[in-house]
Structures are given as structure tokens and as C-alpha cells.
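Colleague: predicted model, plus sequence, below.
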Amino acid sequence: MNSTAQVQNRIASVFVHVTDLRRAAAWYSELLGVALREERLNGGPVYWFDLPGTGLILDTNANNRKDPQWREDMQPLLMFPCDDIDAAYAYVKTKAEPLFEPERHTGMAYFNFRSPDGRAYMVCWSQGGGEDVAPVHSSSPIVPRIGGVFVNVRDMKAAAAWISDLLGVPLREEDTGDSIYIVPTSRGADLLLDDNRVRRGETFEIPFMFDSHDIDAAYAYATERNLSVFHGIERHGGVAYFTLSDPDGNLVMVCQEEA
């Protein structure tokens, strides 16, 4: 991370916004072949998966909606970690629009902000938040690991310049004409700026992807369990992938890099 940037260049967690927490937690648990953690369904608004590199948070926003100042467009796409929440807040104020001041709880603090293109993000400090999570045992050919997080953009050059500046990483101007621009991260999921939706005139978005070592086995696993398929297997340039739709219509890609 650049010494002047107060936001780490890695994705701590991805958010999926859902309406029924138990239903969503069960769906993602089945997809990943992991046990449902009943103790995390304790009446709170979130359920989380501790995954290596980048975690997954299901969020109903039930508590947020009790706040009269809350708006649906304040839902964050992803969470960037930081070492000092107050320094991060002061820093982000010079780059973007904070949506609220840091909210503090025991062992953690966070705030949301909006980028120039209207995206909402979270910055979070948590006690022990920099610790690595061990690989998760799974009975599924879909690996419990988020390989990449997509940020759908309309203006690739502007988006790449802004987020590179925010995270203190070099901008590769020669790559901003591509449909996918990879923003360097220190570890965990790749951060992928994506203008494919705009290029193709598509209205849907795909927020992130899980890895797989066998895309055909992963597809069979999903269809055998009647997990809703949004798009079947495609193969392009050494990559194979398909897309599922969760119970709330959120899209999830499963991807394998093929030799």
C-alpha cells in the first residue's frame, strides 16, 4: 500500500444484500458445500462466511432501515480494511463523499462513502481484522473462495484513475481501454473494473465470482441441486464460467482458469 493511502488495497469482504437471511445463508452454504452456522442466525441483520482472502457478508439492512437518514443507494458493494478509522475517514473525505461519520462498536468501526460514479463502499477497522483465514473444507466443487470482485463501470479511464488514486496503486493507462481492468490488491480477491455490461447494453450486474477447479463438475453440482442458472457454461480465452441467480436475484459467477 502507498504510504499516503489510508485505505488498504485489498477487499476484506463482499456484501450481498438479501431479504430473507436464513434462506440466503442456506443457499450460499449449499452452493459452497459448507455447514449452515445456526449461531449466526441469531436475529441480527447479517450472516457471514469466513473465507480465505476475502469474506462474504449477507446483509438484510434491517437495522439500517430503522435510521431515517438511510437510503437504499447507501448499500455498500464491498469493504476495504484500514488500520486507523479516523485517519481513513479524513483521507476518504479528500477523495469521495462520506455517507456518515465512523460508527463505532466494540472491536470494530466503519463508515460508508460514495465514489464519483455513485458506487457505495465501506471502510472498516476491526480488531484482528488483518489475520488470514485458513482454507475452508467443502463438499462442493465450487471452492469457498472469492476469486474476483467486479465493479461495473461506465467510464473505465475515470474509474481506474479514481480507484488507483484512492488505494495508492499505480495506474496503467495503457490497460484502461480493455473491458476488464485489474486493480492490484495485496491479497485476497482480485478487484476487477468491468465495462462489459455497458459495452453490451446489459442491465444486469455480476458482483463477484467463486473459484472452481472443475467447471463441469461445478455446473452439474449446481443444477442437480436446482440452484437457479442465469447463464450456462461459456469458455473464452482460457477461462470457463457460468452464472447463478440467488433467491433474491443476485448474480454469482463460478469461474475456472483452464490450461
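Modeller: Good, I have the coordinates.
Colleague: how close does the closest residue to residue 154 other than its chain neighbours get to residue 85?
Modeller: Leaving aside its sequence neighbours, residue 154 sits nearest to residue 198 (Cβ to Cβ, 6 or more residues apart in numbering; 5.2 Å). C-beta here means a position set from N, CA and C on the backbone, and glycine is covered the same way. Relative to residue 85, residue 198 is positioned 34 Å away (Cβ to Cβ, to the nearest Å).
Colleague: ditto for residue 229
Modeller: 41 Å.
Colleague: okay, those two: which has more neighbours?
Modeller: residue 85 (21 against 14; other Cβ atoms under 10 Å).
Colleague: which parts of the helix or strand encompassing residue 23 are buried?
Modeller: Here residue 23, judged by DSSP states H and E, is contained in helix 21-32. Neighbour counts using 16 or more other Cβ atoms under 10 Å place 21, 24-25, 27-32 of helix 21-32 among the buried residues.
Colleague: okay but residue 84 is in contact with residue 5, surely?
Modeller: No. In this structure, residue 84 is not within contact of residue 5 by Cβ atoms under 8 Å, at 11.9 Å.
Colleague: quick one: which of the two has more around it?
Modeller: residue 5 (17 against 12).
Colleague: which SS class is the more buried one?
Modeller: coil (DSSP: H, G, I helix; E, B strand; the rest coil).
Colleague: next, count neighbours for the closest residue to it other than its chain neighbours.
Modeller: Spatial nearest neighbour of residue 5, excluding adjacent residues (Cβ to Cβ, 6+ apart): residue 168 at 3.0 Å. Residue 168 has 16 neighbouring residues, counting by other Cβ under 10 Å.
Colleague: start the count at 686 instead of 1 going forward.
Modeller: That works, and once the first residue is 686, the last one we named lands at residue 853.
Colleague: can you report phi and psi for residue 853?
Modeller: Torsion angles at residue 853 (phi, psi; degrees, to the nearest 10) stand at phi 70, psi 40.
Colleague: go on, residue 913?
Modeller: Dihedral angles for residue 913 - degrees, to the nearest 10 - are phi -60, psi 120.
Colleague: nearest spatial neighbour of it, chain-adjacent residues omitted?
Modeller: residue 930 (4.4 Å).
Colleague: next, count neighbours for the residue lying closest to residue 821 once chain neighbours are set aside.
Modeller: Excluding the flanking residues, the one nearest residue 821 by Cβ to Cβ, 6+ apart is residue 829, at 4.0 Å. The number of residues packed near residue 829 is 23, by other Cβ under 10 Å.
Colleague: and residue 829, that's in a strand?
Modeller: Yes. Secondary structure assignment places residue 829 in a strand (three-state DSSP).
Colleague: residue 738 is in contact with that one, correct?
Modeller: No. Contact status for residue 829 versus residue 738: not in contact, 10.6 Å apart, counting by Cβ under 8 Å.
Colleague: beta-bridge partners for residue 877, please?
Modeller: residue 835, residue 867 (DSSP bridges).
Colleague: residue 895 bridge partners, please.
Modeller: residue 831, residue 939.
Colleague: show me the shaky parts of this structure.
Modeller: 686-688, 815, 944 (pLDDT under 70).
Colleague: which residues in it form helices?
Modeller: 706-717, 770-778, 841-852, 881-885, 900-909 (DSSP state H).
Colleague: between helix 770-778 and the third one, find me the angle.
Modeller: Yep, that's helix 841-852 we're talking about. 150 degrees (axes from the mean of the first three to the mean of the last three Cα atoms, to 10 degrees).
Colleague: list the buried residues of helix 841-852.
Modeller: Buried, per 16+ other Cβ under 10 Å, within helix 841-852: 841, 844-845, 847-849, 851-852.
Colleague: cool, and the shortest one?
Modeller: Going by neighbour count (16+ other Cβ under 10 Å), the buried part of helix 881-885 is residue 882.
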